[in-house]
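A.B. asks: The following comprises the amino acid sequence and a computationally predicted model.
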Amino acid sequence: MDKTETRFTVFFEDPFWVALYERISSGRYEVCKITFGAEPKDYEVYAFLLQNFRSLRFSPSLPSDGFKQMPRNPKRVKRTISKEQRSAGTGTKAQQALALMREQNKLERRAVTRSRKEEEKDRRFEEHRTKQKEKHKGH
């Protein structure tokens with residue numbers, strides 16, 4: 001017994017609403033494009049399929065591995081989309097250049113601060129060593 005998979009997608013393609021009816025049967029992929037005028041209601045789409053299913057003209061069949069699985073968790077999809085939008089950064093080139101300049105300045109400040117702290121630490125250590133030597137000299 002052959003496995004048949006179908007997918008029916010309705011979307012807006014300016015200026016019309018369009019539906020794609022995809023099917024995979026016996027390892028072969030076929031697709032049919034249906035053009036609607038105004039936005040169709042669910043019951044209108046269902047009635048259209050019932051009346052015109054036999055007259056739909058599908059594309060020549062192509063070999064197929066099946067439909068790709070869609071992510072099942074809508075919250076995860078929403079989080080992924082928002083994360084990608086946040087990582088896009090600022091809009092204009094000027095804003096991007098300014099952000100890059102700020103980031104470079106921040107890195108430079110961190111390096112300077114780190115080196116100053118190291119120098120201060122070394123200086124204090126040397127002072128401590130000299131005091132210890134002074135105390136030790138008397139004996």
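C.D. replies: Ah, there it is.
A.B. asks: average pLDDT across stretch 28-44?
C.D. replies: The pLDDT scores in stretch 28-44 average 86.
A.B. asks: Repeat that for stretch 83-95.
C.D. replies: pLDDT averaged over stretch 83-95 gives 66.
A.B. asks: which residues sit against the helix or strand encompassing residue 44?
C.D. replies: Per DSSP states H and E, residue 44 falls inside helix 42-52. The contact list for helix 42-52, computed with Cβ atoms under 8 Å, 6 or more residues apart in numbering, reads 8, 10, 19, 21, 34, 40. C-beta: built from backbone N, CA, C; applies to glycine.
A.B. asks: following that helix, which helix or strand comes up?
C.D. replies: Trace forward from helix 42-52 with DSSP H and E and the next one is strand 62-63.
A.B. asks: Now do the strands in this protein.
C.D. replies: Counting by DSSP state E, the chain has strands at residues 4-13, 16-25, 28-36, 62-63.
A.B. asks: Out of these, which is closest to residue 99?
C.D. replies: Residue 99 lies closest, by Cβ to Cβ, to one member of the strands of the chain: strand 4-13, at 35.1 Å.
A.B. asks: roughly how far is the helix or strand bottoming out on mean pLDDT in the chain from the heart of the chain?
C.D. replies: Least confident helix or strand of the chain, by mean pLDDT, DSSP states H and E, is strand 62-63 with a mean of 78. On the basis of Cα atoms, centre = their mean, to the nearest Å, strand 62-63 sits 29 Å off its chain's mean C-alpha point.
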